[in-house]
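Novice: one predicted model, sequence on top.
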Amino acid sequence: MALQTQRPLKAIIHGAALRHNLGVAKSHAPQSKIMAVVKANGYGHGLLRVAESIPDVDGFAVLGLDEAIALREAGYSQTIMLLEGLFRADALTIASAYHLSPVVHNEPQLQMLEAGNKPVEVFMKINTGMNRLGFVPDVFGSVLKRLESCANVSNVTLMTHFANADESAGISDQLAVFDRLTAGCNHARTLANSATVFRYPQAHADWVRPGIMLYGSSPFSDVAAASLNLRPAMSLSSEIIAIQHLKKGDSVGYGSLFHADKPMRLGVVACGYADGYPRHSLTGTPIAVNGHITRTLGRVSMDMLYADITDIPDAEIGSPVELWGK
């Protein structure tokens, strides 16, 4: 029999929230197909758990063959995009067998396709200014011709990725490059990440690629998720496991980063950076104890952090703590 941890920390994934957030994406881009970005194990929410919450989405975008194969073997028949493409020539056989759609963003990947004998649908990535992945504009025309004439390419979708859709700089410069290059091309297009879904309908195109918004987080640093009608897809909760009474001048935790300016009560919470809580979170990060919003204090430890419970008189050992969620 497997042993269960006695720590009270638990993460709950809200499938209804995932479905709701997908609906928000659809409402903003009603004419586009939805490529749900579920890379990195569904942003940490569990790949198959996310997929089963949004089974009718038009496609999934993942990083590697392992995630793509897991989706196929779980019965999902939608388009599955490999966001970083194929890394080895023998992966082409696997991608073809599982009907996967790799991104092609560099010359070696293009050569893999030309040398192979297994047809796949591909997404050709154009570097319009983010300078991360993609073919530069100068070679766009020649690369596209090679893909169109390649016997191992059954279909081409054109794509790019915006660097500043969530910033004041916006997408205009990159969009102008993409539009200039692809004018007259009879291929489907995909450009829009979460921020673009909200702010730039002119770039929605044939496919949109919502990622962080599906999980209930705002893609904008200055706009709250709730104001975008997004719901958190995960609740992380724990309990107070100890209480400390601080005198004025007492410090808290590693580095003594917080000093009490008055007598205070402090709750020690069973959660830390080993559990995925950000170590860089500063004093004042909001959490809830017994349903009351309060703040963290001091530096987050590996498996514990500190909550100010001075003004929550009913807080005690065992009181519930919500680290994030509803």
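Specialist: Here it is on my side, so go on. Residues are numbered from 1 along each chain as shown.

Novice: residues contacting the nearest residue to L144 once chain neighbours are set aside?
Specialist: Leaving aside its sequence neighbours, L144 sits nearest to M124 (Cβ to Cβ, 6 or more residues apart in numbering; 6.5 Å). Every C-beta, even on glycine, is put in place using the N, C-alpha and C of the backbone. Neighbouring residues of M124 by Cβ atoms under 8 Å, 6 or more residues apart in numbering: 103-105, 135, 143-144, 147, 156-159.

Novice: can I get those residues in JSON lines including secondary structure and pLDDT?
Specialist: Supplementary listing: the contacts of M124 in JSON lines, determined by DSSP: H, G, I helix; E, B strand; the rest coil; pLDDT from 0 to 100:
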{"residue": "V103", "secondary structure": "strand", "pLDDT": "98"}
{"residue": "V104", "secondary structure": "strand", "pLDDT": "98"}
{"residue": "H105", "secondary structure": "coil", "pLDDT": "98"}
{"residue": "F135", "secondary structure": "strand", "pLDDT": "98"}
{"residue": "V143", "secondary structure": "helix", "pLDDT": "98"}
{"residue": "L144", "secondary structure": "helix", "pLDDT": "98"}
{"residue": "L147", "secondary structure": "helix", "pLDDT": "98"}
{"residue": "V156", "secondary structure": "strand", "pLDDT": "98"}
{"residue": "T157", "secondary structure": "strand", "pLDDT": "98"}
{"residue": "L158", "secondary structure": "strand", "pLDDT": "98"}
{"residue": "M159", "secondary structure": "strand", "pLDDT": "98"}
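
Novice: low-confidence ranges, the protein, go.
Specialist: Scanning the chain for pLDDT under 70 picks out the ranges 1-5.

Novice: quick one, longest strand in it?
Specialist: strand 234-246 (DSSP state E).

Novice: still on that earlier bit, so which of the contacts of M124 comes closest to G129?
Specialist: Distance to G129 across the contacts of M124 (Cβ to Cβ) is lowest for F135, with 12.8 Å.

Novice: all the helices of the stretch 101-250 of the chain, residue numbers only.
Specialist: Taking DSSP state H, counting those that start in this stretch, the helices of the stretch 101-250 of the chain run over residues 107-115, 140-149, 172-182, 194-199.

Novice: closest to L48 out of these?
Specialist: Nearest of the helices of the stretch 101-250 of the chain (Cβ to Cβ): helix 194-199, 21.8 Å.

Novice: elements contacting the closest one?
Specialist: helix 15-28 (3 or more Cβ pairs under 8 Å, 6 or more residues apart in numbering; DSSP states H and E).

Novice: off-centre distance for whichever helix or strand comes after the helix it packs on?
Specialist: Using DSSP states H and E, the next helix or strand after helix 15-28 towards the C-terminus is strand 33-37. In this view, strand 33-37 has its centroid 12 Å away from the chain centroid, taken as Cα atoms, centre = their mean, to the nearest Å.

Novice: contact partners of strand 33-37?
Specialist: 22, 25-26, 43, 50, 54, 57-61, 79, 81, 83, 190, 206-211, 214.

Novice: got a PyMOL select line for the buried ones in those?
Specialist: Here is the PyMOL command that picks out the buried ones among the contacts of strand 33-37, judged by 16 or more other Cβ atoms under 10 Å:
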select buried, resi 22+25+26+43+50+54+57+59+60+61+79+81+83+190+206+207+208+209+210+211+214
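
Novice: how close does S168 get to F220?
Specialist: To F220, S168 is 10 Å away according to Cβ to Cβ, to the nearest Å.

Novice: in terms of neighbours, single out the busier of those two.
Specialist: Ranked by neighbour count (other Cβ atoms under 10 Å), S168 and F220 place F220 first, with 17 against 6.

Novice: do you know how far the nearest residue to that one once chain neighbours are set aside is from A40?
Specialist: Spatial nearest neighbour of F220, excluding adjacent residues (Cβ to Cβ, 6+ apart): D166 at 5.2 Å. D166 sits at a distance of 19 Å from A40 (criterion: Cβ to Cβ).

Novice: more neighbours, those two?
Specialist: D166 (22 against 14).

Novice: the more buried one and P219 touch, don't they?
Specialist: Yes - the pair D166 / P219 is scored as a contact, 4.9 Å apart, by Cβ atoms under 8 Å.
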